[in-house]
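**Student:** Would you be able to build a 3D model of this:
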Amino acid sequence: MKKLNAVLYKVEKFIGKIFLAVTSILIFYSAISRFLGYPANWAVDISLILFAYSAFIAADVAWTEDKMMRVDLFVKKLPERIQSLVQRINYLLIIAFDIYFLVWGIYITYSMRFRKVGGFHNLSYSIVALSVPIGAALLLRTSIMKFVKELRKGRNNK
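**Tutor:** You can find the predicted model right below:
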């Protein structure tokens, strides 16, 4: 399972980098083409899709690497058992939020199936909205892994 998670993480990080780079290139291309009098509106639409996915992927990569901002000034002054309890409660709240995001993301994706992306008549906006449940599923997976790790850490300290 650890190997699968490591591979998934590497793939996720690679895809996030590629999507963000292509987004930047497309926006630059769109600006240059508009300046030259040949607007490429499709480039903005594609960059919107890629940026939506890269934002959620980046959030999961940051969450996996523990690079999310946290305010723990008060919690660090508490006894270790209380710190662990607070951490577990936080993880449960985050898991609940991820599940909420996942469920509503699926609903939004379904409800957007007839809306079209910009100038693309055959491209459903559901492709953009699908980034929400995919991102929520990635974050949920990471949150559950962190919660389980915290539970195991608590057992080993006893």
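
**Student:** What helix or strand is the spatially most central residue of the chain located in?
**Tutor:** For the chain, the residue nearest the mean C-alpha position is residue 56 (2.1 Å; CA atoms, centre = their mean). When elements are assigned from DSSP states H and E, residue 56 belongs to helix 41-64.

**Student:** who touches that helix?
**Tutor:** The contact list for helix 41-64 (CB atoms under 8 Å, 6 or more residues apart in numbering) reads 9, 12-13, 15-16, 19-20, 22-23, 26-27, 29-30, 33, 68, 117-120, 123, 127-128, 131-132, 134-136, 138-139, 142-143, 146. Just so you know, the C-beta spots here come from the backbone N, C-alpha and C atoms, and that holds for glycine as well.

**Student:** out of those, which are buried?
**Tutor:** 9, 12-13, 16, 19-20, 22-23, 26-27, 30, 117, 123, 127-128, 131-132, 134-136, 138-139, 142-143, 146 (16 or more other CB atoms under 10 Å).

**Student:** Just the ones of those residues in helices?
**Tutor:** If you go by DSSP state H, those have 9, 12-13, 16, 19-20, 22-23, 26-27, 30, 127-128, 131-132, 134-136, 138-139, 142-143, 146 in helices.

**Student:** Please name every helix or strand in contact with the following helix or strand past the helix holding residue 56.
**Tutor:** Sequence order places helix 80-111 as the next helix or strand after helix 41-64, per DSSP H and E. Contacts defined by 3 or more CB pairs under 8 Å, 6 or more residues apart in numbering; DSSP states H and E place helix 80-111 against helix 126-129, helix 131-157.

**Student:** so which of those helices comes closest to residue 79?
**Tutor:** helix 131-157 (12.1 Å; CB to CB).

**Student:** Can you list the low-confidence ranges for the protein?
**Tutor:** Applying pLDDT under 70 to the chain flags residues 119-121, 157-158.

**Student:** can we see that at 90?
**Tutor:** When residues are selected by pLDDT under 90, those of the chain lie in 1-2, 4-6, 39-45, 48, 67-78, 80-81, 83-84, 113-125, 152-158.

**Student:** what about stretch 60-78, how long is it end to end?
**Tutor:** Terminal residues of stretch 60-78 are spaced 28 Å apart (CA to CA, to the nearest Å).
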